[in-house]
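From the sequence below, what's the structure:
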Amino acid sequence: MCREGWLSWREIPVCVGPDILSVVRPELDGTLPRKAKPEMSQSDQADIKAPLLSIRDLRIEVRSGDGWREVVHGVSLDVRRGDILGVIGESGAGKSTIGLAAMGYAREGGRIASGSVIFDGVEVTELGEKALEKIRGVRIAYVAQSAASFFNPAHTLLDQFCEVLLRRNMMSKADARAKGQRIYRELGLPDPDNIGDRYPHQLSGGQLQRAMIAMAMATDPDLIIFDEPTTALDVTTQLDVIASIRDTLAKSSAAAIYISHDLALVAQVATHIAVMRHGDLVEYAPTRELLAAPKENYTAELIREKVPAIAASTVEKGRYPVLHVEKISAGYGNVVNVLQDIDLKIDRGSTVAVVGESGSGKSTLARVICGLLPAASGHMLFNNRELEPDFRKRSRDTLRRIQLVYQMPDLALNPRLKIGEVIGRPLEFYHGLSGAKNKARVIELLETLELKPEYFDRYQSQLSGGEKQRVSIARALAAEPDLIICDEITSALDQLVAAEVLKTMARLKSEFGVSYMFITHDMNTVKAIADDVVVMRHGKVLDQGPKTAVFSPPYNAYTELLLTSTPEMDPDWLDRAMQGRRTLL
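Now for the predicted structure:
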């Protein structure tokens, strides 16, 4: 028994309620009715005790040359109503692959080779294409990692929220809009009554991710698959979202699969945790049991792992900074107050961490420095020379010396190019390397980022989210820049791989004097790597200075809020954090 599936933005049933799962039994011409949740009968109560989703001996393969290579090796898992199963593991462990298989999907070039996936008594892997088209939507919803890749840019958020509700005649347009606005409010989106009338490009990454979660909740599904849903979110927003997810699920008999590389985060919402590595199920236990007494060394390593402490830079006093931003204000269209009078200095060989909530202007500042968004006022000096506000007027050498690694690699990498071409282009453009020399350098960069040489001939669709991000970092390093602007570059990486990437970047800083502007929401990362910290909110700098000064009491009130919003490896942390936040606010 094999079923191949394809995964693209046109075909994947991303959080589009009714098209995700209203299961059709092969022997019946109709849909499996949703079980009524109020006043459950004894049989319904028995159903709650039985698994809603049961996966047995699941094996998934991907094309490799002329044959097939197994990437998920006989995994068995159960998810009951009311359960939240956290699936943890490093990049490429098979987490997302299992989540998609729960809907009868495999990645492009992949297939479910054997095993069983039963949802509410129905074997999903035995359904035909027409039945699979009918099973997706009302009963199971899917929230993808990169929200920007899955929204239609030509339609407003609320129109996309309402679409499936209207197509299935579940409610009137007015009621659907009201429901969308209510869920936006519950998830903490700004101006919830009007934000739905915006288009996807008008929201920050974190706001767009929450809009996707709202769309997944539109049909009150029985099972929601969250695939790294808070990757793009700052710590304070992440806190609100995971609390909303937990509380929303607790009010129903619904279940969830929560896929993440962040064990501390998953510990806040999961009732059970499955630890994956290299396609194998390493450990599977109730959350508290697993954290208190892990049975496997790899699990214990994940629990112990901390972001590596990286020595502070030794910066020559009296030299001019590599970048000096003075009184920069900028906006989009007629909006000129996205950034307001920003001052920032980055010394040669130093790391400046820029932190703040989603929509605070961090990524907008990065775009201004790169010349992608000309400032409305102010000016910038790069290596003590005036920096042209428009990248098209900058010299090739200046372009080489400032590189940007984007938050969302799905949007940054050309899906039609092999990885070797993606990394090889800047080598040829900036350094004139071609042929064998180009390939040798690409392979060297791949290995620097812990990717095997065979990735040279792969496409981005064949990589996990974390692997794509490492390719983006390798492409930036290929230019040999003076300044790398890192926009949430480790947010898609598991903690072990992220630690290795940070060590690599620290080595490059030490060896070549490269400077970093590190945009992140991970305060543990900031504590480990930053020399200086800039705290932003609502387009303004609220706090800045050496890390030791910013992170020492007495704190700026907002800085303290950020510091107390980083998850700890304790299932009770979320309740304490929410109580502490209410005190701070």
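
rest of the way, CA atoms for contacts and neighbours
Fine.

And the contacts of stretch 214-223?
Residues from elsewhere that reach stretch 214-223, judged by Cα atoms under 8 Å, 6 or more residues apart in numbering: 14-18, 81, 137-143, 160-161, 165, 179-180, 183-184, 187, 224, 253-257.

Report the rounded mean pLDDT for that stretch.
The average of the pLDDT scores along stretch 214-223 is 89.

Flag every buried residue along that stretch.
Using 16 or more other Cα atoms under 10 Å as the test for burial, stretch 214-223 gives 214-223.

Closest one of those to E467?
Taking Cα to Cα as the measure, E467 lies nearest A216 of the buried residues of stretch 214-223, at 26.0 Å.

What about the buried residues of stretch 214-223, which are in strands?
L223 (DSSP state E).

Throw the buried residues of stretch 214-223 into a markdown table and include distance to R111, thanks.
Formatted as a markdown table, the buried residues of stretch 214-223 follow (distance: Cα to Cα, whole Å):
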| residue | distance to R111 |
| --- | --- |
| A214 | 30 |
| M215 | 28 |
| A216 | 25 |
| M217 | 28 |
| A218 | 30 |
| T219 | 29 |
| D220 | 29 |
| P221 | 26 |
| D222 | 25 |
| L223 | 22 |
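
out of the buried residues of stretch 214-223, who's nearest H278?
Checking the buried residues of stretch 214-223 one by one against H278 (Cα to Cα), the nearest turns out to be L223, at 25.6 Å.

Give me the distance between that closest one and F119.
9 Å (Cα to Cα, to the nearest Å).

swap in I224?
Taken as Cα to Cα, the span from I224 to F119 is 12 Å.

Let's verify the residue most central in space within the chain: helix, strand, or coil?
In the chain, the residue lying closest to the centroid (Cα atoms, centre = their mean) is T231, at 3.0 Å. What DSSP: H, G, I helix; E, B strand; the rest coil gives for T231 is coil.

isn't it right up against A147?
No - counting by Cα atoms under 8 Å, T231 sits too far from A147 to count as a contact (10.3 Å).

who touches the closest residue to H272 other than its chain neighbours in this structure?
Excluding its sequence neighbours, the residue lying closest to H272 (Cα to Cα, 6 or more residues apart in numbering) is P286, at 4.1 Å. With contact taken as Cα under 8 Å, 6+ apart, P286 is in contact with 271-273.

one more time with 10 Å, if that's ok
85-86, 270-274 (Cα atoms under 10 Å, 6 or more residues apart in numbering).

start to end distance for stretch 261-273?
Span of stretch 261-273 from end to end, Cα to Cα: 12 Å.

Run the chain-centre distance for it.
Its chain's C-alpha centre and that of stretch 261-273 lie 15 Å apart, by Cα atoms, centre = their mean, to the nearest Å.

ditto for stretch 244-256
Using Cα atoms, centre = their mean, the offset of stretch 244-256 from its chain centre is 21 Å.

what does that stretch contact?
By Cα under 10 Å, 6+ apart, the list of residues contacting stretch 244-256 reads 37-38, 48, 51-53, 79-86, 139-142, 183, 186-188, 213, 217, 220-226, 238, 241-243, 268-271.

circling back: which one of I224 and F119 is surrounded by more residues?
Between I224 and F119, I224 has the larger neighbour count (other Cα atoms under 10 Å), namely 25 against 21.

So the more buried one sits against I84, correct?
Yes - using Cα atoms under 10 Å, I224 is in contact with I84, at 9.3 Å.

hey, what's in contact with both of those two?
By Cα under 10 Å, 6+ apart, the residues touching both I224 and I84 are 249, 254-258.

Just the ones of those residues in strands?
255-258.

between those, which has the most around it?
A256 leads those on contacts (other Cα under 10 Å) with 29 neighbours.

Who does it form a beta bridge with?
The residues listed as beta-bridge partners of A256 by DSSP bridges are I84, I224.

Tell me the spacing between it and V235.
Taken as Cα to Cα, the span from A256 to V235 is 22 Å.

So which residues of the stretch 251-400 of the chain form helices?
263-266, 287-292, 297-304, 362-370, 396-401 (DSSP state H, counting those that start in this stretch).

from the contacts of P286, which is closest to D482?
So of the contacts of P286, ranked by how close each gets to D482 (Cα to Cα), first place is G86, at 40.1 Å.

Pull out the buried positions in stretch 146-165.
146-148, 150-151, 156-165.

Just give me the closest of the residues you listed to P453.
S146 (26.2 Å).

Please verify my assumption that that closest one contacts P409.
Yes - using Cα under 10 Å, S146 is in contact with P409, at 8.7 Å.

Who does Y516 form a beta bridge with?
What pairs with Y516, by the bridge criterion (DSSP bridges), is T351, I484.

what's the longest helix in the protein?
helix 495-512 (DSSP state H).

Sitting in strands, which of the contacts of stretch 214-223 do you find?
Checked against DSSP E, the contacts of stretch 214-223 include these in strands: 140-143, 224, 255-257.

Tell me the one of these nearest L417?
V143 (26.7 Å).

That closest one against F226, yeah?
Yes - checked against Cα under 10 Å, the pair V143 and F226 is within contact range at 4.9 Å.

L189 reaches R210, doesn't it?
Yes - the pair L189 / R210 is scored as a contact, 7.3 Å apart, by Cα under 10 Å.

mind checking how far E447 is from R69?
Counting by Cα to Cα, the gap from E447 to R69 is 22 Å.

Next: I369.
Counting by Cα to Cα, the gap from I369 to R69 is 44 Å.

Those two: who's more crowded?
Taking neighbours as other Cα under 10 Å, I369 and R69 compare with I369 leading, 29 against 13.
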